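[1] kindly return the folded structure for what I paste below:
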Amino acid sequence: MNDNANPPAEEGDGHHAANAPVRLDEGHVIGSGGIPERFEDPGLPPHVHRMSDVDPRAARKAELQVAVLFGVSILASIGFIAAYAAIPDGTYTYVPGIGHASLLHIMLGVTMGISLLGIGFGAVHWAKTLMPDEEVVEERHPQRSPQEKREGTVKTLFQGAEAAQVARRPLIKYTLGGALGLFALPFAVQLVGGLGPLPHDWLSTSFWKKGMRLVRDPEMTPVKVTDVTIGSAYHILPEGIDEAEDFLEQKTKAAVLLMRLDPTLIESRKERDWGYHGIVAYSQICTHVGCPVGLYEQTTHHLLCPCHQSTFDVTKDCEVIF
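    Residues are numbered from 1 along each chain as shown. Below you'll find the model as predicted:
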């Protein structure tokens, strides 16, 4: 059998000698498949020193530039807090290309963006002008280094911190600390400010007061006992609630469903005692997640919540049955 796997290279036959360089204009070339036993180490290019490495004035200039960038971040963070405190919510301004937008949101976004950019640009400029940039070659070694090398790594880290000139450049150290420290304040301000005022007893009280008349929602007309027939259901509010400044908030707590049942069907002794001739009223706030319960099934005497189908038995003091 003839060995034709690696035919000898001939000029113009489309084949190429092993290890021979290939020009870009040669087109498709069939190689012999031979590879060298060991590739030569190309080495590293000559190191080019930066101006800040050889000129103390250039290093000082770079330090001031980094400090200015961090200082811009500090001022932007302070501006964020000032805007959050000084600009009223609901103030709008015209922005070309966007239209009318909230001035508070614009200022918060701009100041936070500048604060981030100041820290980012300052860190990049610091790394490119003052931190060491020498190329280092490290031979491959086992994953678990000997103990002396592990200790040497810790020593190298400390040396790297010293080489970064943090101790020698106190202006950078202090401005970086200020920039990073103040940048956290906008998040804390939003967290604390977003909590709003304490609710006090707002969640446990309603507009209802003893002696108030019952009015229909939304007509706001009084309801008489004679109007409430067996099987009927009315959406009820306390009289005068429509004149409250926070009408919608008060309505969510004071909304009531008024019904009349055959007194003989009421199984709860408590319900019979406080009801009047089978007339009972229950808050529309669902005990599940607060949706308005407004569906009454006359045949089963059940109240249904339209959000998650919670079901309450009116004959058993609105006991939860589903």
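
[2] what separation do you get for residue 255 and residue 199?
    According to CB to CB, to the nearest Å, residue 255 stands 19 Å off from residue 199. Heads up, the C-betas are built off the backbone N, CA and C, glycines and all.

[3] pick out whichever of these two has more residues nearby.
    Neighbour totals were compared for residue 255 and residue 199, and residue 255 leads with 20 against 8 (other CB atoms under 10 Å).

[4] and that one, how far from residue 55?
    Between residue 255 and residue 55 the computed distance is 77 Å (CB to CB).

[5] ok, now which ones touch residue 291?
    Contact analysis of residue 291 by CB atoms under 8 Å, 6 or more residues apart in numbering lists 305-308.

[6] now the strands for this protein?
    Secondary structure of the chain (DSSP state E): strands located at 92-95, 99-102, 214-216, 233-238, 256-260, 279-283, 295-297, 302-304, 311-313, 319-320.

[7] tell me where the model's unsure across the stretch 101-250 of the chain.
    Within the stretch 101-250 of the chain, the ranges that satisfy pLDDT under 70 run 141-142.

[8] helices of that one, start to end?
    Listed from the start of the chain, the stretch 101-250 of the chain has helices (DSSP state H, counting those that start in this stretch) covering 103-129, 147-163, 170-194, 247-254.

[9] can I get those in a markdown table with distance to residue 62 and mean neighbour count?
    Listed next are the helices of the stretch 101-250 of the chain as a markdown table, based on distance: least, CB to CB, whole Å; neighbours: other CB atoms under 10 Å:
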| stretch | distance to residue 62 | mean neighbour count |
| --- | --- | --- |
| helix 103-129 | 4 | 17 |
| helix 147-163 | 15 | 11 |
| helix 170-194 | 10 | 15 |
| helix 247-254 | 58 | 16 |
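
[10] of all these, which lies closest to residue 214?
    Closest approach to residue 214 among the helices of the stretch 101-250 of the chain (CB to CB): helix 247-254, 10.8 Å.

[11] helices or strands up against the closest one?
    Helices and strands touching helix 247-254, by 3 or more CB pairs under 8 Å, 6 or more residues apart in numbering; DSSP states H and E, are strand 233-238.

[12] show residues contacting the strand it packs on.
    For strand 233-238, the surrounding residues in contact (CB under 8 Å, 6+ apart) are 207-209, 212-217, 220, 223, 227-228, 251, 254-259, 281, 284, 294, 296, 298.

[13] which ChimeraX command selects the buried ones in those?
    To isolate the buried members of the contacts of strand 233-238 in ChimeraX, using 16 or more other CB atoms under 10 Å:
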select :207,214,215,217,228,251,254,255,256,257,258,259,281,284,296
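
[14] tell me, how many residues neighbour residue 210?
    Neighbour count of residue 210, defined by other CB under 10 Å: 4.

[15] 37 is where my numbering starts, stick with that
    Yep, numbering from 37; the last one is residue 246 now.

[16] do you know how far it is from residue 237?
    When CB to CB is applied, the distance between residue 246 and residue 237 equals 17 Å.

[17] report the contact partners of residue 156.
    The contact partners of residue 156, taken as CB under 8 Å, 6+ apart, number zero.

[18] does the closest residue in space to residue 288 that isn't next to it in sequence have beta-bridge partners, and which?
    Nearest-residue entry for residue 288: residue 321, 7.6 Å, with adjacent residues in sequence omitted and distances by CB to CB, 6 or more residues apart in numbering. Following DSSP bridges, residue 321 is listed with bridge partners residue 328.

[19] wait, doesn't residue 321 sit right on residue 330?
    No. In terms of CB atoms under 8 Å, residue 321 does not count as a neighbour of residue 330; the distance is 11.0 Å.

[20] chain neighbours aside, what residue packs nearest to residue 313?
    residue 299 (6.5 Å).

[21] do the same with residue 334
    Spatial nearest neighbour of residue 334, chain neighbours left out: residue 267 (4.5 Å); criterion: CB to CB, 6+ apart.

[22] residues near that neighbour, how many?
    The number of residues packed around residue 267, counting by other CB under 10 Å, is 13.

[23] on that earlier part again, in JSON lines: the helices of the stretch 137-286 of the chain, plus distance to residue 75.
    JSON lines is the format used below for the helices of the stretch 137-286 of the chain (distance: least, CB to CB, whole Å):
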{"stretch": "helix 139-165", "distance to residue 75": "32"}
{"stretch": "helix 183-199", "distance to residue 75": "27"}
{"stretch": "helix 206-230", "distance to residue 75": "43"}
{"stretch": "helix 283-290", "distance to residue 75": "76"}
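
[24] want to throw the strands of the chain into CSV with distance to residue 82?
    As requested, the strands of the chain are exported to CSV (distance: least, CB to CB, whole Å):
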stretch, distance to residue 82
strand 128-131, 52
strand 135-138, 54
strand 250-252, 91
strand 269-274, 86
strand 292-296, 87
strand 315-319, 83
strand 331-333, 83
strand 338-340, 82
strand 347-349, 83
strand 355-356, 81
